[in-house]
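Have a look at this prediction, sequence included:
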Amino acid sequence: MRHGRKVNHLGRTSSHRKAMLSNLASSLIISKRITTTVAKAKELRKYVEPLITKAKSDTMHSRRTVFSYLQNKESVKELFGTVASRTTDRQGGYTRIIKMGDNRLGDNAEMCLIELVDFNEIYKKEGVAKKAKTRRSRTAKGKKAEASEPAAETAAEPAQEVKAEKPAKKAKAKSGSKKEDKE
């Protein structure tokens, strides 16, 4: 039984596993999407997403911390440049794993595509307005209710005038038709 075993060792020693994840992460950051096995992609997601979160705050400490994981200057530069600028308003979930459906010929391993979410133009929703963040507090509701009441009153008055005009026109039209009927 595998009680409490959270890390998938991927059949490698710890140093080999760290080097492999570092190289996969660098490749993902530089090329924005890579093809790998599902098991590696799931471990890579756990490895890369905290680094992307750390890249949102561009400080010397966070750069050094990320460099200690990636060991690649170009990928650190890319991460703190374009990747961090595109993911500033995203709260998490920076990667997407898409299973390809076909297996590798040599060992029949299930293959997938892992990509950075904000760099895929196919799935990007354009023209959709972002929802305003709402807070659930009583004071905000009270203020909104008071602010909406005068607006509701002013909006209701013109609507009543319009309704009053329409029956008058109908009455004129009806009276005109009665005169024609009498003649």
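Received it, and whenever you're ready, just let me know what you need. Numbering: from 1, shown residues only.

residues near Asn72, how many?
18 (other Cβ atoms under 10 Å). (C-beta placed from N, C-alpha, C; glycine too.)

show me the residues around it that make contact.
By Cβ atoms under 8 Å, 6 or more residues apart in numbering, the residues touching Asn72 are Ser22, Ser26.

Kindly provide the distance from it to Lys133.
For Asn72, the distance to Lys133 under the criterion Cβ to Cβ, to the nearest Å works out to 36 Å.

cool, Ser27 as well?
35 Å.

do Thr59 as well
Applying Cβ to Cβ, one obtains 26 Å for the distance of Thr59 from Lys133.

who's more crowded, the two?
Each of Thr59 and Lys133 has its neighbours counted (other Cβ under 10 Å); Thr59 has more, 10 against 5.

three-state assignment of Ile34?
For Ile34, the secondary-structure state derived from DSSP: H, G, I helix; E, B strand; the rest coil is strand.

Quick one: residues contacting it.
If a contact means Cβ under 8 Å, 6+ apart, then Ile34 has Leu24, Ser27, Leu28, Leu113, Ile114, Glu115 as its contacts.

Report how many residues lie close to the second one.
When neighbours are counted by other Cβ under 10 Å, Ser27 registers 17.

Same question for the last one.
By the criterion of other Cβ under 10 Å, Glu115 has 21 neighbours.

and the nearest residue to it once chain neighbours are set aside, how many neighbours does it have?
Closest residue to Glu115 in three dimensions, ignoring its sequence neighbours and counting by Cβ to Cβ, 6 or more residues apart in numbering: Arg33, at 3.6 Å. Applying other Cβ under 10 Å, we find 15 other residues in the vicinity of Arg33.

Show me where this structure has its helices.
For the chain, the helices identified by DSSP state H occupy 14-31, 38-55, 60-70, 73-78, 84-86, 138-182, in order along the chain.

Mind telling me which of the ones you listed the model trusts least?
Of all the helices of the chain, mean pLDDT reaches its minimum on helix 138-182 (a mean of 54).

how far away is the closest residue to Val76 other than its chain neighbours from Arg138?
Leaving aside its sequence neighbours, Val76 sits nearest to Phe67 (Cβ to Cβ, 6+ apart; 5.1 Å). Using Cβ to Cβ, one gets 47 Å for the distance from Phe67 to Arg138.

rewinding a little: give me the neighbour count for the residue nearest to Val76.
A count of nearby residues for Phe67, using other Cβ under 10 Å, gives 14.
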